[in-house]
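show me the folded form of this:
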Amino acid sequence: MRNFKLFSLFGIELELHWSFVLFLALLLILDWAFALLLLFVFLFVTLHEFSHALVAMKRGIVVKKVILLPIGGMAVMDLTNIKPKDELLMAVAGPAFNFAMMLLVYLVASAYHMPLMQWFDAFLSEGVPGLSVFEFAVFYSFWANFILGVFNFFIPAFPLDGGRILRALLSVKLGPLRATLIARNISILLSVLMITLGFVAGNVWLIVIGLFLIFGASSEYESLRVLKMIEGYTAGDLLSKFFLVVEYDDPLSEVVRKMLYYHTTSALVRARGKGVRVVSISQINKIPRGEWSLVPAVKASVYVPPASPGSSLESVLKRMNKYDVGLVPVVSGGRIIGVVDKNAVESLVRLKELLS
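Numbers count the residues shown, from 1 in each chain. I've put the predicted structure just below:
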């Protein structure tokens, strides 16, 4: 299912994950008051993530978008080969924003003599009755930023900010791969404790967050490990001269038939002056199957900047992931001389694992 694009700020797109939209719709039906509170909290989650993104952009890191999920936000950016100092500054930016907001809101509350701690005690026991809209906004602004700042900064679980801060500090002496492995192991330990506590206390959110942290930490380590495995290899080392080419006006039904025949999931498209384009199963799946016979290959294709034989395999893999395709064309002397297929990269990684 597709995400929902909201708007773009500083060139960074903000998207709602489809699960967040579904979750919010269910809350509006079951408990509209809590749904409004959740939207209030996610305002600060969004600003938290944009704080990360803006610092990352200042450090030369490519930021693709910010996605809001039911359990929080995520800034999607290329963190491969990130310098420890850059990661440290980027990771600290989010909690720093929350702590700055806490201070600002506290000053406002003090000016209006608002008993934030007393309201919080009452909230834990029976809720906070009788607050005005302004008091409600101040109360929830303070505690929402407190929770976001403390949770992200002081819990060294990867990929939370605390885990990234830990990895950045460890990377200075141990290198990125070893530092990520240690951060991952600590994250898994904390996640298991969180999941166990969730089961004991009957708290579903602790279980969900624990599972998210295990997946996120393991995924990031695996991605970095793969990049280390292919270090030193170039596109020319995995160049294949056998690849499928389809015409720009071939219907997708014909493209899929050819993919099945040639046992591939991607093909080059003769796009008639529109650059080197690739059509993959991932793009085809976005189009209803009943329309495959009506949609030409070029409509489901994406432009993929070609690599040269000397391009690093790491840059080629990044290109595949960025454009969500299964191959990247390789050009020399102004003509396509072959492709690098994702299956070939994965086979190389498996062979390197056997030999390591």
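
C-alpha only now, for contacts and for neighbours.
Will do.

and stretch 208-218, what's its mean pLDDT?
Averaged across stretch 208-218, pLDDT comes to 86.

swap in stretch 337-356?
According to the model, stretch 337-356 has a mean pLDDT of 89.

could you pull out the strands for the stretch 251-356 of the chain?
Defined through DSSP state E, counting those that start in this stretch, the strands belonging to the stretch 251-356 of the chain, from first to last, are 266-270, 277-280, 302-303, 327-332, 335-341.

quick check: P306 touching G334?
No: between P306 and G334 there is no contact under Cα atoms under 8 Å: 10.4 Å.

neighbour-wise, which of the two wins?
The neighbour count for P306 versus G334, taken as other Cα atoms under 10 Å, is higher for P306 (19 against 7).

list the contacts of that one.
Residues touching P306, when contacts are defined by Cα atoms under 8 Å, 6 or more residues apart in numbering, comprise V276, V328, P329, V330, V331.

give me every residue that touches the fourth one.
The contact partners of V330, by Cα under 8 Å, 6+ apart, come to A235, L239, P306, A307, S308, P309, I336, I337, G338, V339, V340.

same thing with the last one?
Contact analysis of V331 by Cα under 8 Å, 6+ apart lists P306, A307, S308, P309, I337, G338.

scan those and report the most crowded one.
When neighbours are taken as other Cα under 10 Å, the top entry among the contacts of V331 is A307 (24 neighbours).

bridging residues for the residue lying closest to that one once chain neighbours are set aside?
Nearest residue to A307, sequence neighbours excluded (Cα to Cα, 6 or more residues apart in numbering): V330, at 4.7 Å. The bridge-partner assignment for V330, based on DSSP bridges, gives A307, G338.

how close does V330 sit to T234?
V330 sits at a distance of 11 Å from T234 (criterion: Cα to Cα, to the nearest Å).

joint contacts of those two?
Applying Cα under 8 Å, 6+ apart, one finds that V330 and T234 are jointly contacted by P309.

might one say that L244 is in contact with L268?
Yes: between L244 and L268 there is a contact at 6.3 Å, judged by Cα under 8 Å.

looking at the two, which one has more neighbours?
For L244 versus L268, the count of surrounding residues by other Cα under 10 Å is larger for L268: 25 against 17.

residues contacting the more buried one?
Contact partners of L268, counting by Cα under 8 Å, 6+ apart, are F243, L244, V245, V246, V276, R277, V278, V279, P329.

check which residues of the helix or strand containing V200 are buried.
Secondary structure assigned from DSSP states H and E places V200 in helix 176-201. Within helix 176-201, the residues that qualify as buried by neighbour count (16 or more other Cα atoms under 10 Å) are 176-188, 190-192, 194-198.
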